Structure formats: C-alpha cells, structure tokens
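1. Predicted model follows, preceded by the sequence.
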Amino acid sequence: MTLHNKLFMSNLELEGENCPAWDFITDEDWQSVLNNFVFKIADSFAFAGVFKKADLFPDGLSYFGDWVLEAGGLVEADDDIVCMFQLNESCKAKLLQYEFAVHNFKSEKFSDYYEFDQLYFFSGERLIANYINHEGMIVFLDLNDNEAILIESLDPHLKAAFVDSSAFAAAFNANRYS
C-alpha cells in the first residue's frame, strides 16, 4: 500500500516568477474539504498547544462553553503532545465555522483574540491532517490509497488544489535556487 502526502492550497501556482504562491482558504472551500473529505476519514481532532481541556478556557475565556468536547487521550502531533477530542456532530458544526480559529473577546491579558495556529485531525492515533491557519494550507500525511481516492470525488477546483508534497518542495527549491 502506498502512502500519500498531499497539500491543500487554494489557487496554487507552482510555476512562474513568484512560485510557489497560493491564496488563503475561503469559507466555502474550508467547509467543502471538511464535509467531503476530512470528516469522512477523521474521528478526532486537536488544537496545537492544548494538553488538556482546561487549556481551552484561559482566564475566563468561554468560547468553548457550548462545544461538546469529549476528551480522548494524549497523542503526539508535529513535535507537540496534544489532547485529542472526539469529532462529534457538535465539534463538526463548530469547525465548519471557518473563523472558529480567531474569536474576539475582551481580555486584559490577550489582545482581543485567541488564535490556534494549527489544528490536527486524526484517524485513530494516526495524524492525517494538519491545518496551518496562518499559512492558509492543510497538510495531509500518510493517506492510504482509499483515503487518497476520496480526493478524486471532490469538485474539480478543490481536487486541483491538492498537490503532492514533493511537487511543492520541488517548486519551492527551484524558485529558491534560481
């Protein structure tokens, strides 16, 4: 069985003077990729830097008060130990609201928002996706053949936004050394 590493980037350009270049993920694309791909293969998720459920409620932040968060075990992701949460219907609905990662609230300690730079998705304990908010990309790791085939069922413009990680690295290196 072949394992596939893919990147999802909107309007990705792998050729030209300023390559690689891409746009931030739109709300519609985020929702479609989650509903038609990620939610079909993932059963849990985690936030970078969140070791326990209480980490989501610093200094009275109540943003997660209406999420049904069912904590699972701890797992390693991207050199971080994180608490996995079940990807239940409540969490799916909240994650579909693309701006969940940046939410406003009043605090003297934080400057008007609490942002999650990375969100991880798992199948069992296997890390399958890493959404990097500030980069506007989703990194898919070690997808099996059946999971990779699901990409082919996506809308053409979404399917075109998936690229092999090696192709992206080659374009980056070609531009860097030219």
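-> Alright, I've got the coordinates.

2. Tell me if K94 really is in a helix.
-> Yes: judged by DSSP: H, G, I helix; E, B strand; the rest coil, K94 forms part of a helix.

3. So for D43, what's the nearest residue that isn't a sequence neighbour?
-> Once flanking residues are discounted, D43 sits nearest to L87: 5.6 Å by CB to CB, 6 or more residues apart in numbering. C-betas here are computed from N, CA, C, even on glycine.

4. Actually, K6.
-> F140 (4.3 Å).

5. now E15
-> E15's closest residue in space is A171 (CB to CB, 6+ apart), at 7.2 Å.

6. Same check on K92?
-> That would be F39: by CB to CB, 6+ apart, it lies 6.0 Å from K92.

7. quick one: Y120 and L150, what's the gap?
-> Using CB to CB, to the nearest Å, Y120 is found at 19 Å from L150.

8. the more surrounded of those two?
-> Per other CB atoms under 10 Å, whichever of Y120 and L150 has more neighbours is Y120, with 25 against 14.

9. Tell me what the residue sitting nearest the centre point of the chain is bridged to.
-> Geometric centre of the chain, nearest residue: Y131, 2.0 Å, by CA atoms, centre = their mean. Beta-bridge pairing of Y131 under DSSP bridges involves L119, I138.

10. This structure: strands as residue ranges?
-> Assigned by DSSP state E, the chain shows strands spanning 4-8, 10-13, 21-23, 44-47, 71-77, 80-86, 102-104, 113-115, 118-123, 126-132, 137-143, 162-164.

11. what would those strands look like in a markdown table with mean pLDDT and distance to Q31?
-> Conversion of the strands of the chain to a markdown table gives the following (pLDDT from 0 to 100; distance: least, CB to CB, whole Å):
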| stretch | mean pLDDT | distance to Q31 |
| --- | --- | --- |
| strand 4-8 | 93 | 13 |
| strand 10-13 | 83 | 13 |
| strand 21-23 | 84 | 16 |
| strand 44-47 | 95 | 15 |
| strand 71-77 | 94 | 23 |
| strand 80-86 | 94 | 19 |
| strand 102-104 | 51 | 17 |
| strand 113-115 | 56 | 20 |
| strand 118-123 | 94 | 14 |
| strand 126-132 | 94 | 13 |
| strand 137-143 | 95 | 13 |
| strand 162-164 | 90 | 16 |
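
12. closest one to D29 among these?
-> strand 10-13 (5.8 Å; CB to CB).

13. From the contact counts, what lies against that closest one?
-> Counting contacts by 3 or more CB pairs under 8 Å, 6 or more residues apart in numbering; DSSP states H and E, strand 10-13 is packed against strand 21-23.

14. which other helices and strands contact the strand it packs on?
-> By 3+ CB pairs under 8 Å, 6+ apart, strand 21-23 packs against strand 10-13.
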